[in-house]
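Colleague: Need a 3D model of the following:
(chains A and B)
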Amino acid sequence: MRWNYLAPVISIVASLAVVGVMLAVMGINPLEAYIVMFSRSFASKFGLAELCVKTTPLILTGLAVAIPLRAGLWNIGAEGQLYMGAFAASVVALYINLPEFLVIPLMMAAGAIFGMGWAAIPAFLKAKFDLNEIISTLLLNYVAIYWVEYMVYGPMRGKEVYNFPYTDLFPDAATLPRFFGTRLHLGFLIAILIAIAIYHILKRTDFGFAVRVVGANPRAADYAGISRQKIIFYSMLLGGMLAGIAGMIEVSGIQLRLRPAISTGYGYAGIPVALLASGNPLLVILSASLFGFLYVGGSALQTTYSVPVAIVYVFQALIVLFIIGGQSLRRGD
Amino acid sequence: MEAILEMRNIVKRFGDVVANDHVNLKVRKGEIHGLLGENGAGKTTLMNVLYGIYQPDEGEIIFEGRKVRFKSPRDAISAGIGMVHQHFMLVPRMNVLQNVILGYRTPSDPLINHKWVESKVEKLSEKYGIDIALYEVVMNLSVGEEQRVEILKALFRDVKLLILDEPTAVLTPQEVDSLFYALKSMTKSGLTIIFITHKLKEALKVTDRITVLRKGKNVGTVITAETSERELARMMVGRDVVMDVAKPEVEFGREVLRVEDLWVKDDRGGFAVKGVSFSIREGEIFGIAGVSGNGQKELEEAIAGLRTPARGKILLDGKDITKLGVEKRNEIAYVPEDRIGVGLAPSLSVLENLMLKDFKKYRKGLVLDYEKMEERAKELIEEFSVKTPSLHSPASTLSGGNIQRLILARELSRSPRLIIASQPTRGLDVAGIDYVRRRLVESAAKGCAVLLISEDLDEIFQISDRIAVIFEGEIRGIMERKEADYERVGYLMAGGLEVAV
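Modeller: Numbering: from 1, shown residues only, chains lettered A, B, ... in the order given. All right, here's what the predicted structure looks like:
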């Protein structure tokens, strides 16, 4: 039991240490570097706002991985689901004429439905034919990313973008309100509320109960008459929905238009976020903040020491390795 | 007679648990020495210490007059100690010869000198009376033959002391007899055998002396010829035990379960159950005896609703349930053979496991009423005396007996019409066995129909009203308990055909 709390902390510290060594090899004092990362994220209102901005999609993609994970499934496709959500929200924002107060809700609904639909494909294949969801979700990411790329290079390219692969800027009614003169937007609040809601759904509803059983022992689920197919399907759909909402929030809160590379790997980062939180939705908020800090701190390193921002991905990968390594060690004893 | 092995004051701890608490064991050369004790008494731990799998925390081992310390089974084997585990460690796709020499350096290493192996095996076969086709693939062997391969594997390494861990668990009565015969002849040729068991009758039948362990401690060593079942039981359990749960005669009521010409496929697509028909009435316990793997699993899963039969019909109270899913078979309680793998979600709490089938009934609006669930769970824990630190402890922390009580609590409390109990007492201690059988008998007395599937003939004979034998997916003979005897059932279990009388 103690291990459950200790393992994430140990893997974070171990990753910090390894990255520290790498920084030292590059001739940078790791302590100083970490202090820069910290001060850039926490010392100013803008730093804090950026932290929240980066944390927002990570909470949602973290949940998108965490929910299926609780049912024993690996959703590697949050990235693609995010792109499809962003695409659908952009279509609503740009091409549909609506009363202003309806624009944001409809964008969110469209993002949710497309994220869900994108997850429905692997979910159906898994539930019906037991097709490995890791492969199908992963591959569908590329389809989604290239689909968005095609749209912004082609049919959706804006009229005022000088041949850049962008759509036009969204109208004001299609952008999320921002606060305190920073980039902090309503999406942050929405993400936290969703995390709390998911926590209660998993903890207190019969759906949550069934998800736990399927995740803990699929054969016991069969034995108890819990439909494994249904739980696989719905937990994957719920995950896809949240990743889709993450896409909508990203275009509507930050990018204000659709373009390629709207996500810097938020969907993939959702995997370590969920693992670090061991699937607990409230802890996802915490671990998403950590990864948000890495993104902000990482770009601080880039501007201060011209360390490539890839150091952030190294860090992410290390955390995953340490968590998984820790688990296999525990199984070994 | 001289002692070949002496284990002195062996202590082995696992965390706070003392599995072996200053245990002494003295084995004489050429004897069959029984190591008797309930599950968890420390028998296997002691043998694993001897075999080099565990290192003792205290104490010493003297083998053939020399103090030894085995760091791994490799050391033990080269010193002349062999062990046949309860679960065989053979490669099914390889033939007997390949299995025998696996990990062994023949003189022509790295090449295999088949002639040399053959002649050595031949000598061993002659000396110990074990007969095996060397080039048969292990997959095609019966369980008894597989066991002989394991023994041969040990003998091939020139062991002087052979440890057998619960060797009879998977054998038919006839196979047990022939094993015992072989063991006796092996000791005549100078081999020493340690025979681990928790079955009193076997210990009395085959051993020369018996050491009894209880809760990790020595209770004593007795000469088999001078002891009795009653004395051994008292040593094992620490008090006098009444070992008879009798099934009272009751009037049987209406027919509850009817199975008609049922054909069920296994996971590989072949038929595991071939045209089985039987019926069970209210108040009746119907025992199906048979060696594991003869279609029991598929049969029980088909009746429980986990597996769709290919052909045939299953009727419950006259209603055809053949096509219904598990969730629509609420009148069936199922105590599966694989309790931890199927009957339980071990990482979930005791509460969640108790509510595994009923949680939907506790829905209040959008959420589940956990207060009510806890109330009910407390009642169940009380009624079935499940010992658990709390309702919220993971089920995996319970002992084997308490896990079975938890499953019984969940299944029997749902007022079933039919109870399927598969190997319900396997691996339980005497008290647990007694409890489970008593519960089954009580349920039958209340009007349930009980389908008891078990490898344990004592169990079948003790509480069944009628006995059937399953062999290769077919029911071979259904008889009243009064007409049945061990020989006849054992004969059918081994594939013998019923001859018309």
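Colleague: Every contact and neighbour count from this point should use C-alpha atoms.
Modeller: OK.
Colleague: Quick check: residues of the stretch 301-450 of chain B near chain A?
Modeller: B:306, B:325-327, B:341-348, B:356-357, B:359-360, B:363, B:366-368, B:370 (C-alpha under 8 Å from any C-alpha of the partner chain).
Colleague: Weed out the non-buried ones from these.
Modeller: For those, a burial check counting by 16 or more other C-alpha atoms under 10 Å in any protein chain shown picks out B:306, B:325-327, B:342-348, B:356-357, B:359-360, B:363, B:367-368, B:370.
Colleague: Give me the subset of these that lies in helices.
Modeller: B:Tyr370 (DSSP state H).
Colleague: so what's B:Tyr303 up against?
Modeller: Rather than Tyr, residue B:303 is Ile. Taking C-alpha atoms under 8 Å, 6 or more residues apart in numbering or on different chains as the contact definition, B:Ile303 lies against B:Ile314, B:Thr322.
Colleague: quick one: which helix or strand includes it?
Modeller: Here B:Ile303, judged by DSSP states H and E, is contained in helix B:296-304.
Colleague: how many neighbours does B:Lys188 have?
Modeller: By the criterion of other C-alpha atoms under 10 Å in any protein chain shown, B:Lys188 has 14 neighbours.
Colleague: Would you tell me which residues of chain A are close to chain B?
Modeller: Applying C-alpha under 8 Å from any C-alpha, one finds that chain A approaches chain B through A:201, A:204-206, A:209, A:212-213, A:216-217, A:219-220, A:222-226.
Colleague: Buried ones only from those, please, as a PyMOL command.
Modeller: Applied in PyMOL, the following selects the buried portion of the residues of chain A next to chain B according to 16+ other C-alpha under 10 Å:
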select buried, chain A and resi 201+204+205+206+209+212+213+216+217+219+220+222+223+224+225+226
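Colleague: Of the residues of chain A next to chain B, which belong to helices?
Modeller: Those of the residues of chain A next to chain B lying in helices (DSSP H): A:Ile201, A:Arg204, A:Asp206, A:Phe209, A:Arg212, A:Val213, A:Ala216, A:Arg219, A:Ala220, A:Asp222, A:Tyr223.
Colleague: so can I have TSV of the residues you listed showing pLDDT and distance to B:Ser399?
Modeller: Below are those laid out as TSV (pLDDT from 0 to 100; distance: C-alpha to C-alpha, whole Å):
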residue	pLDDT	distance to B:Ser399
A:Ile201	95	32
A:Arg204	93	28
A:Asp206	94	28
A:Phe209	96	24
A:Arg212	94	22
A:Val213	96	21
A:Ala216	93	19
A:Arg219	93	21
A:Ala220	95	19
A:Asp222	94	24
A:Tyr223	94	21
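Colleague: mean confidence score for the helix holding B:Ile303?
Modeller: Mean pLDDT, helix B:296-304: 95.
Colleague: Can you give the contact residues for the helix or strand following that helix?
Modeller: Note on helix B:296-304: by DSSP H and E, the next helix or strand toward the C-terminus is strand B:311-316. With contacts defined as C-alpha under 8 Å, 6+ apart, strand B:311-316 is touched by B:256-264, B:275, B:303, B:320-322.
Colleague: Let me know the helix or strand that the residue positioned nearest the centre of chain A is in.
Modeller: By C-alpha atoms, centre = their mean, the mean C-alpha position of chain A lies nearest to A:Thr61, the distance being 2.3 Å. Following DSSP H and E, one finds A:Thr61 within helix A:45-70.
Colleague: Off-centre distance for that helix?
Modeller: Here helix A:45-70 is found 6 Å from its chain centre; the criterion is C-alpha atoms, centre = their mean, to the nearest Å.
Colleague: quick one on the thing from earlier: filter the contacts of strand B:311-316 down to the buried ones, PyMOL style.
Modeller: Here is the PyMOL command that selects the buried residues among those (16+ other C-alpha under 10 Å):
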select buried, chain B and resi 256+257+258+259+260+261+262+263+264+275+303+321+322
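Colleague: Which members of the contacts of strand B:311-316 occur in helices, if any?
Modeller: Among the contacts of strand B:311-316, the members falling in helices (DSSP H) are B:Ile303.
Colleague: which one of the contacts of strand B:311-316 sits closest to chain A?
Modeller: B:Ile303 (11.9 Å; C-alpha to the nearest C-alpha).
Colleague: now the farthest one out in chain A, which residue is it?
Modeller: Per C-alpha atoms, centre = their mean, the most distant residue from the centre of chain A is A:Tyr223 (33.9 Å).
Colleague: My error: substitute chain B in the last question.
Modeller: Here the centre of chain B is the reference, and by C-alpha atoms, centre = their mean the most remote residue is B:Gly365, at 45.3 Å.
Colleague: Tell me how far that residue lies from A:Arg204.
Modeller: 11 Å (C-alpha to C-alpha, to the nearest Å).
Colleague: Could you find the closest non-adjacent residue to B:Ala154?
Modeller: Nearest residue to B:Ala154, sequence neighbours excluded (C-alpha to C-alpha, 6 or more residues apart in numbering or on different chains): B:Gly82, at 5.2 Å.
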